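# predicted coordinates and the sequence they were generated for:
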Amino acid sequence: MKQFIFALAFFCAFASYSQSKEFKISGTVISEAESTPLESATVHLERIKDSTLITYTISDKDGKFTLEGKSFDKDLNLFISYVGYRTHKQKIVLDKETITLDDIKLQTDDNALDEVVVTSRAPITVKKDTLEFNVASFKTKRDANVEDLLKQLPGVEIDEAGKITVNGKDVNKILVNGKPFFGNDPAITTKNLTKELISKVQITDTKTKAQAFTGEEGDGENKTINLTIREDKNKGVFGRVSAGAGTDERYEFAGMLNVFDNDQRITVLAGGNNTNSTGFSFGELYRMFGSGGNVSFGGRGFGGGQGQGITTSQNYGANYADEINDKLDISADYFYSGSSTENESATERENILPNRRYFTSSNSNSFRDEKSHRANLEFEVEIDSTLRIDIEPSFNTSNVKREFSDSEESRDDQNVLTNESTSSSFVETVGKDFSNELDITKKFGSNGAFLRLSLDNDYNNTETDDYLNSTTNIYGAIPEDIIRDQFTDGDRTTKGLSTSLTYRLPLKGKEWYMDIRYSFNNNRQENKVSTFDFNNVDQDYTDFNTDLSSDFEYVNRTNTPSISISHRKDKIFTSFETRYIFRNLSNKDFLRPNLSLSRDFEAVEIRSNFRYRFSRTTSLRIGYNLSNNSPNLTQLQPFENVSNPLNTVIGNPNLEPTNNHNVSGRFHSFNVQKGTGIFGFLSANFRNNDIVSKTEIDDNNVRNTTYDNVNGGYNLRSSASYSKSVKIDTVKTFKYRVALSGSMNKNINFNNGEQYASNINLLTPSLELTFDWKDIMQFIPSYNLSFTKRKFDLTAYEDEDFVQHSIGLRTATTVPKKLEWRNDIRFNYNPNIAPGFQKSAWFWNATLAYSVLKDQGAITLKAYDLLNQNTNARRVATANYIQDSQSTVLQRYFMVSFSWKFNSMGPQANQGGRRGSFRMMRH
């Protein structure tokens, strides 16, 4: 009976839809006062009866627009709005399929503020560098979250990992009423705030707070989304809780509580699982509460099963944000993260030398237990309209315990054993860290002049207790057995200070300006490692081992004056900056004074950018950078490190800094009217004095490694994509995306002391299709193909070709009512894996969720790795070796979970929609 009713309703809807009329309306928007076209005016159609949005677009650079769609109505209302102009309204009679309107002249509004649209319900409004969406104009299921809303906005894309892009540019920050919701991870906001709380979505270029205060340009590479809470929904309590239990003793739980009181916000989080969802530290928060392939509320997400090992984690956190008064904002958060990981791994490596090859096999077991506490504070103080102070202190403590054991053996090309080793260790590391960022900005005049003082400091202390037992057997003409039973006490303290003073001098109004800057950086590291051998008489670790101990102080100090000139006008932005770096690297070795050293380096750095904005949605950016990277202490210090008996490492005090020349270009274009997106990227990086390792290997396959400078290396990267969204009708949409990426890399290295060049070329085409039938189903197949070709200029090396295939399919059906079924299927095939390792695997996750408690709750059954084929077998090929590896992965389990959401934000908060808050499963 249910199926019959559904089929009847579907037939009636189809029959009704077939009676709708197609239309195509075009016209041109101009300014009445200046008779010039208005670019990015918002044009939309509404039903006269109930003001329902039919379709919308924005005008192009010539002021032209086209509206296409279908409607049952004979008459519609047309609205055209533009910042600073009166909203135009006229009645449209759909008496023919194609309608061409006379030029529409918008009148200026003398009472309109610079960034206010008067009496308009426009779905999109363009305000200078901000794109604003009216949430009420975009229809979703009633209990949709912010991610569901963003997917409906033109130009916004969210991939299967939860990554958000706007017109091809990454979104790296999401704010709520201009402030972070919980840290800086976007997914915690998009997954757990509901659409009904939001009135507007604003999209801008990402800027620092100081840049926003002074009106500076951002880098233009990233976007920020700001969510404006409805005034009637900005006070109350909302949140979610969920818990699940499964086979193989798998479990998960998560809880979130939010208390909003206008400008004051309090959030508390808690969660735990043993399904490889590693927690909600910054950058990992989405793994517990939304995207990234891990557990989310409702139990529809999955742990990251293709990593290494099985992880059990517990996580807790709290956030507080408040606007104390009109001059002071404060926010604070605290995180606790605890995790333990068990892993077994196996590796087979073929080592390639100019005149021979040898083979290494290794197996290892590890257990890692980690606990950390982190607290952050943030103060924003505006003394007045010209003076701002930002203070951001951070505190962090951690305790890590690791048990590790491994065995390794090497054989020559005749399968003769040349060396072998076994080891076991227990290491405990206790870390403490305090850092603080201080910015003081003072503005002068109205043309953008300012003076900024930045002061950042960091104090980090790490104490390590390391117990090691190892046996190394070296065979051959001169056999040697190395047995170690040792305790190492490590104490490292790092003190960092970074300060800069910047003055912006306007040269011509707000079009030309100069930045004069001086920066000073001082990084001081005190590192003391004391190793003691076990004394059989004392039955304790009392014999000091000088060879395996060190005691030094390393200082990296730079003084950098710089000057930059920038020009910004209309569609063009260009800048040129040059810096001169004075760098001193010094090392005091208290255990071996003869190894103390001091080196001075000087270098010019250049940064230049050119950006041309063809329209609001189309831009081209070209840049050139010259950067300088100094060698680190390990590479410089002529200390013979014999901690690994099979690989002795010694630094090279004569190393020179590496210079990198980088040229890049980026093109973005998104057409709202046509639903098309074009993206292109090209980058070339050339390296001079590149620092590489230089290893020589004896007949017993024992290595001696140092470092050297080489020239001639480069990296070329490119990518391009085209996407198009086709609206089949009012409820069905088809979208496709084709992409092609490639790279050409030339690396200069050494193999057994002999210099060689390797050329690695990579080409990756991909295709993704999306069919979306609103409230019925979603079907997303994808295919990726990767071609890799390696060439070497040594005759002993064989050229190599690799091909890898990846096929994916994601589906979602949301009928019958209250039931949702989702699948995520992937097939990976890598024919280049060595014998004994898995070459291909199907990976299938599935969920079945049923909404209960008036859509406030959900019961979910999920199956992880349904076919039990999950693998992380990998092949890594370089000029020096080909390595195959495989380790512990999370495998098939089934889990039943229950989730419940609550909401008292506004009078309608607890009214459920037709379906629960179900989302595409991540992996």
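Received the coordinates, thanks. Remember, predicted model here, so these are calculated numbers, not experimental data. Numbers count the residues shown, from 1 in each chain.

# tell me what D491 is bridged to.
E463, K528 (DSSP bridges).

# going on from the helix or strand of the chain with the lowest mean pLDDT, what's the next piece of helix or strand?
Here the helix or strand of the chain ranked lowest by mean pLDDT, DSSP states H and E is helix 285-289, holding a mean of 34. Following helix 285-289 in sequence order, the next helix or strand is strand 310-325 (DSSP states H and E).

# give the rounded mean pLDDT of the helix or strand that comes right after that following strand.
Downstream of strand 310-325, the first helix or strand assigned by DSSP H and E is strand 328-352. In this model, strand 328-352 has an average pLDDT of 90.

# what does stretch 605-624 give?
90.

# do stretch 22-38 as well
Rounded mean pLDDT across stretch 22-38 is 90.

# what does stretch 495-510 give?
Rounded mean pLDDT across stretch 495-510 is 94.

# dig out what E323 forms beta bridges with.
The partner residues for E323, given DSSP bridges, come to D329.

# surely it meets D329?
Yes: at 5.1 Å, E323 counts as touching D329 under the criterion of Cβ atoms under 8 Å. (Glycine included, C-beta is placed from N, CA and C.)

# ranges for the strands of the stretch 501-650 of the chain?
When secondary structure is read from DSSP state E, counting those that start in this stretch, the stretch 501-650 of the chain shows strands at 512-535, 540-544, 550-569, 572-589, 597-615, 618-629, 640-644, 647-650.

# nearest to E39, out of these?
Shortest distance between E39 and the strands of the stretch 501-650 of the chain, using Cβ to Cβ, is found for strand 597-615: 6.3 Å.

# distance from the closest one to the middle of the chain?
24 Å (Cα atoms, centre = their mean, to the nearest Å).

# now that strand: buried residues?
597, 599, 603, 605, 607-611, 613, 615 (16 or more other Cβ atoms under 10 Å).

# swap in stretch 419-437?
In stretch 419-437, counting by 16+ other Cβ under 10 Å, buried: 419-421, 423, 425, 427, 429, 431, 433, 435, 437.

# narrow these to those in strands?
419-421, 423, 425, 427, 429, 431, 433, 435, 437 (DSSP state E).

# between the residues you listed, which is nearest R368?
V427 (9.6 Å).

# so what pairs up with that closest one in the strands?
R402, D466.

# and it, what pLDDT?
pLDDT at V427 comes out at 96.

# I'd like the distance from the helix or strand that contains R368 to the chain centre, please.
R368 belongs to strand 357-384 when assigned by DSSP H and E. Chain-centre distance of strand 357-384: 16 Å, with Cα atoms, centre = their mean.

# what packs against that strand?
strand 328-352, strand 387-412 (3 or more Cβ pairs under 8 Å, 6 or more residues apart in numbering; DSSP states H and E).

# could I get these as a markdown table with distance to K163 and mean neighbour count?
Rendered in a markdown table, the data for those read as follows (distance: least, Cβ to Cβ, whole Å; neighbours: other Cβ atoms under 10 Å):
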| stretch | distance to K163 | mean neighbour count |
| --- | --- | --- |
| strand 328-352 | 22 | 18 |
| strand 387-412 | 26 | 17 |
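
# would a markdown table of the ones you listed with distance to G476 be doable?
What follows is the helices and strands packed on strand 357-384, written out as a markdown table (distance: least, Cβ to Cβ, whole Å):
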| stretch | distance to G476 |
| --- | --- |
| strand 328-352 | 16 |
| strand 387-412 | 10 |
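
# between these, which one is closest to I825.
That would be strand 328-352 among these, by Cβ to Cβ, at 26.4 Å.

# angle of that closest one against strand 357-384?
170 degrees (axes from the mean of the first three to the mean of the last three Cα atoms, to 10 degrees).

# show me what strand 328-352 is packed up against.
Strand 328-352 packs on strand 179-180, strand 310-325, strand 357-384, strand 881-887, going by 3+ Cβ pairs under 8 Å, 6+ apart.

# quick one: closest of the ones you listed to R579.
Among the helices and strands packed on strand 328-352, strand 357-384 sits nearest to R579 (Cβ to Cβ), with 29.2 Å.

# okay, the angle between that closest one and strand 881-887?
Using the same axes, to 10 degrees: strand 357-384 against strand 881-887 is 70 degrees.

# verify the stated contact: S669 with I678.
Yes: with contact defined as Cβ under 8 Å, S669 reaches I678; the gap is 4.4 Å.

# now N584: closest residue in space that isn't a chain neighbour?
In this structure, N584 finds its nearest non-sequential neighbour in R557, 4.8 Å apart by Cβ to Cβ, 6 or more residues apart in numbering.

# now do the contacts for that neighbour.
Shown in contact with R557 (Cβ atoms under 8 Å, 6 or more residues apart in numbering): 521-523, 583-584, 586.

# list the contacts for K371?
336-338, 398-400.

# which stretches of the stretch 751-900 of the chain form strands?
754-773, 777-792, 800-813, 819-829, 840-852, 857-864, 874-877, 881-887, 893-903.

# nearest to Y736, of the ones you listed?
strand 754-773 (5.1 Å).

# you'd agree D248 is in a helix?
Yes: assignment of D248 by DSSP: H, G, I helix; E, B strand; the rest coil places it within a helix.

# isn't it up against Y893?
Yes: between D248 and Y893 there is a contact at 4.9 Å, judged by Cβ under 8 Å.

# comparing these two, which residue is more hemmed in?
Y893 (20 against 14; other Cβ atoms under 10 Å).

# follow-up on the earlier one: out of the ones in strands among the buried residues of stretch 419-437, which comes closest to A41?
Using Cβ to Cβ, those come closest to A41 at E437, 41.4 Å.

# ok, that closest one to L451 distance?
E437 sits at a distance of 18 Å from L451 (criterion: Cβ to Cβ, to the nearest Å).

# check whether the nearest residue to R616 once chain neighbours are set aside sits in a helix, strand or coil.
Leaving aside its chain neighbours, R616 sits nearest to S40 (4.6 Å; criterion: Cβ to Cβ, 6+ apart). Put simply, S40 is coil when judged by three-state DSSP.

# which ones are touching S40?
By Cβ under 8 Å, 6+ apart, the neighbours of S40 are 58-59, 82, 126, 615-616.

# and those residues, which of them are in helices?
Residues of the contacts of S40 located in helices (DSSP state H): none.

# farthest pair within the residues you listed?
Top of the distance list for the contacts of S40 (Cβ to Cβ): Y82 and S615, 14.7 Å.

# which one of the buried residues of strand 597-615 sits closest to N376?
R607 (29.9 Å).

# where's the residue nearest to that closest one when sequence neighbours are not counted relative to N473, distance?
Of all residues not flanking R607 in the chain, E577 sits nearest, at 4.5 Å (Cβ to Cβ, 6+ apart). Distance of E577 to N473, given as Cβ to Cβ: 57 Å.

# still on that earlier bit, pipe the strands of the stretch 501-650 of the chain into CSV and attach distance to G742 per row.
Shown next, in CSV, are the strands of the stretch 501-650 of the chain (distance: least, Cβ to Cβ, whole Å):
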stretch, distance to G742
strand 512-535, 37
strand 540-544, 54
strand 550-569, 33
strand 572-589, 29
strand 597-615, 24
strand 618-629, 20
strand 640-644, 37
strand 647-650, 35
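
# and these: which comes nearest I266?
That would be strand 512-535 among those, by Cβ to Cβ, at 37.4 Å.

# dump the closest one to PDB, restricted to CA.
The C-alpha coordinates for strand 512-535 follow below in PDB (Å, rounded to 0.1, in the frame of the first residue of the first chain):
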ATOM      1  CA  TRP A 512      49.300  53.500  -4.600                       C
ATOM      2  CA  TYR A 513      51.000  52.800  -1.200                       C
ATOM      3  CA  MET A 514      54.300  51.700   0.200                       C
ATOM      4  CA  ASP A 515      55.000  49.300   3.100                       C
ATOM      5  CA  ILE A 516      58.200  49.800   5.000                       C
ATOM      6  CA  ARG A 517      59.000  46.900   7.300                       C
ATOM      7  CA  TYR A 518      61.700  45.700   9.600                       C
ATOM      8  CA  SER A 519      61.700  42.100  11.100                       C
ATOM      9  CA  PHE A 520      63.800  40.500  13.700                       C
ATOM     10  CA  ASN A 521      63.700  36.800  14.500                       C
ATOM     11  CA  ASN A 522      65.700  34.900  17.100                       C
ATOM     12  CA  ASN A 523      65.300  31.200  17.700                       C
ATOM     13  CA  ARG A 524      67.400  29.600  20.400                       C
ATOM     14  CA  GLN A 525      67.500  25.800  21.000                       C
ATOM     15  CA  GLU A 526      69.300  24.200  23.900                       C
ATOM     16  CA  ASN A 527      69.500  20.500  23.500                       C
ATOM     17  CA  LYS A 528      71.100  18.100  25.900                       C
ATOM     18  CA  VAL A 529      71.100  14.300  25.300                       C
ATOM     19  CA  SER A 530      72.800  12.100  27.900                       C
ATOM     20  CA  THR A 531      73.100   8.400  27.100                       C
ATOM     21  CA  PHE A 532      74.100   5.800  29.700                       C
ATOM     22  CA  ASP A 533      75.000   2.200  29.100                       C
ATOM     23  CA  PHE A 534      73.900  -0.500  31.500                       C
ATOM     24  CA  ASN A 535      76.500  -1.400  34.100                       C
END
